[in-house]
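[1] I'll drop the sequence and a predicted model, then ask my questions.
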Amino acid sequence: MEIRLDEKDLAILSLLQENCHMTAREIAQEIGSPITTVFAKIKRMEQLGVIKEYRAVLDHKKLDFGVTAFILASFSYRTNREEPLSQRAIAEQISKFPEVQEVHIISGDWDILIKVKDKDVNAIGKFVVDKLRTVKGIEKTLTCMVFDTLKETTVIPLPLKGLKKSKGNYVER
């Protein structure tokens, strides 16, 4: 299903990515549209699933979750003579662990990429040994510890072709 978004939709999305607490009135002032139009556009994009959810982005270091690791995992498609295992089912099982922030099914020599945040290196190690490696079908893992993070975002760069930001507001080009 193709979803069509106009320039005002994209401007609304851009503003909400910056600050999801903006009211429809504030957004309307920014993009020069009536508040009812903005409210209707937001509701439509929520219903279409373009806007999935609103949430706070927490500072993991201030909450004592200062260590990030990326873990590559490969798995055996069959264990013994059972039915073949599903890569998607294993990824879904891994995604249920609370330490896990992201799980991606990937191509190449590895099958799954996992992003984990925890208190320290020992906690990451305990996760890998006591949880991840006990998942049925996991064959091997490779853990990459993050030394420093220069960029971590959920923002998607949107193409605002017909609008530009001027003095804090979005205006027609």
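    Yes, it's here.
[2] what about the nearest residue to residue 35 once chain neighbours are set aside, neighbour count?
    Leaving aside its sequence neighbours, residue 35 sits nearest to residue 28 (C-beta to C-beta, 6 or more residues apart in numbering; 4.3 Å). (Each C-beta comes from the backbone N, C-alpha and C, glycine too.) Look at residue 28: counted by other C-beta atoms under 10 Å, it has 20 neighbours.
[3] which helices and strands sit right next to the helix or strand hosting residue 28?
    Here residue 28, judged by DSSP states H and E, is contained in helix 24-31. Helix 24-31 is packed against helix 7-18, helix 35-48, strand 169-172, with contacts defined by 3 or more C-beta pairs under 8 Å, 6 or more residues apart in numbering; DSSP states H and E.
[4] and residue 73, which of the three is it?
    strand (DSSP: H, G, I helix; E, B strand; the rest coil).
[5] For it, list the residues it contacts.
    Residue 73 makes contacts with 94, 110-114, 132, 138, 140-142, as judged by C-beta atoms under 8 Å, 6 or more residues apart in numbering.
[6] Just the buried positions in stretch 20-31, please.
    22, 24, 27-31 (16 or more other C-beta atoms under 10 Å).
[7] For the spatially most central residue of the chain, give me its contacts.
    Against the mean C-alpha coordinate of the chain, by C-alpha atoms, centre = their mean, the closest residue is residue 154 at 5.7 Å. Neighbouring residues of residue 154 by C-beta under 8 Å, 6+ apart: 17, 57.
[8] State the distance from it to residue 146.
    In this view, residue 154 and residue 146 are 17 Å apart by C-beta to C-beta, to the nearest Å.
[9] Is the closest residue to residue 95 other than its chain neighbours bridged to anything, and to what?
    Distances taken as C-beta to C-beta, 6+ apart place residue 103 nearest to residue 95, at 4.4 Å, with adjacent residues excluded. On the basis of DSSP bridges, residue 103 is bridged to residue 114.
[10] Please consider this matter closed, and thank you.
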